[in-house]
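Participant: pasted the sequence and its predicted model underneath.
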Amino acid sequence: MQTVTLEAFFAAAEERARRSGVDAIPTDALRNKGGNRTPNKRALLARAAARAGDGQRSIVSYF
């Protein structure tokens, strides 16, 4: 088994992306859009957003 640091993993991923012609990996495209989210989880996220109250979203969530 090989141990790889997170920094080394990211460096290798960026190198592979560079070699394949990808300028930048779109981080939003890598996020889970929540398409398979259960109704209970959607309700939980909606309640958390309502409790935040300041209108600022600290975490991007799709519900």
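Facilitator: Yep, it's here.
Participant: can you report how many residues lie near the residue nearest to A12 when sequence neighbours are not counted?
Facilitator: Nearest non-adjacent residue to A12, counting by CB to CB, 6 or more residues apart in numbering: V4, 7.8 Å away. Any C-beta I mention is one placed from the backbone N, CA and C, and that applies to glycine too. With neighbours defined by other CB atoms under 10 Å, the count for V4 comes to 10.
Participant: and V4, what's its pLDDT?
Facilitator: pLDDT recorded at V4 is 90.
Participant: ok, it to D23 distance?
Facilitator: Look at V4 and D23: by CB to CB, to the nearest Å, they are 24 Å apart.
Participant: one more: F9?
Facilitator: On the measure of CB to CB, F9 and D23 end up 20 Å apart.
Participant: these two: who's more crowded?
Facilitator: A count of neighbours by other CB under 10 Å puts F9 above the other of F9 and D23, at 10 against 7.
Participant: show me the contacts for R47.
Facilitator: Shown here is R47, which makes no contacts under the criterion CB atoms under 8 Å, 6 or more residues apart in numbering.
Participant: secondary structure element for it?
Facilitator: helix 39-52 (DSSP states H and E).
Participant: quick one: that helix to chain centroid distance?
Facilitator: Between the centre of helix 39-52 and the centre of its chain there are 18 Å (CA atoms, centre = their mean, to the nearest Å).
Participant: go through that helix and flag the buried ones.
Facilitator: Neighbour-count burial for helix 39-52 flags L45 (criterion: 16 or more other CB atoms under 10 Å).
Participant: would you mind writing the CA trace of it as CSV?
Facilitator: Taking Å, rounded to 0.1, in the frame of the first residue of the first chain, the C-alpha atoms of helix 39-52 are listed here in CSV:
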residue,chain,number,x,y,z
PRO,A,39,-37.2,14.4,1.5
ASN,A,40,-36.1,14.2,5.1
LYS,A,41,-32.6,15.5,4.2
ARG,A,42,-34.1,18.3,2.0
ALA,A,43,-36.3,19.3,5.0
LEU,A,44,-33.3,19.3,7.3
LEU,A,45,-31.3,21.5,5.0
ALA,A,46,-34.3,23.9,4.6
ARG,A,47,-34.6,24.2,8.4
ALA,A,48,-30.9,24.8,8.7
ALA,A,49,-31.1,27.6,6.1
ALA,A,50,-34.1,29.2,7.8
ARG,A,51,-32.2,29.1,11.2
ALA,A,52,-29.2,30.9,9.6
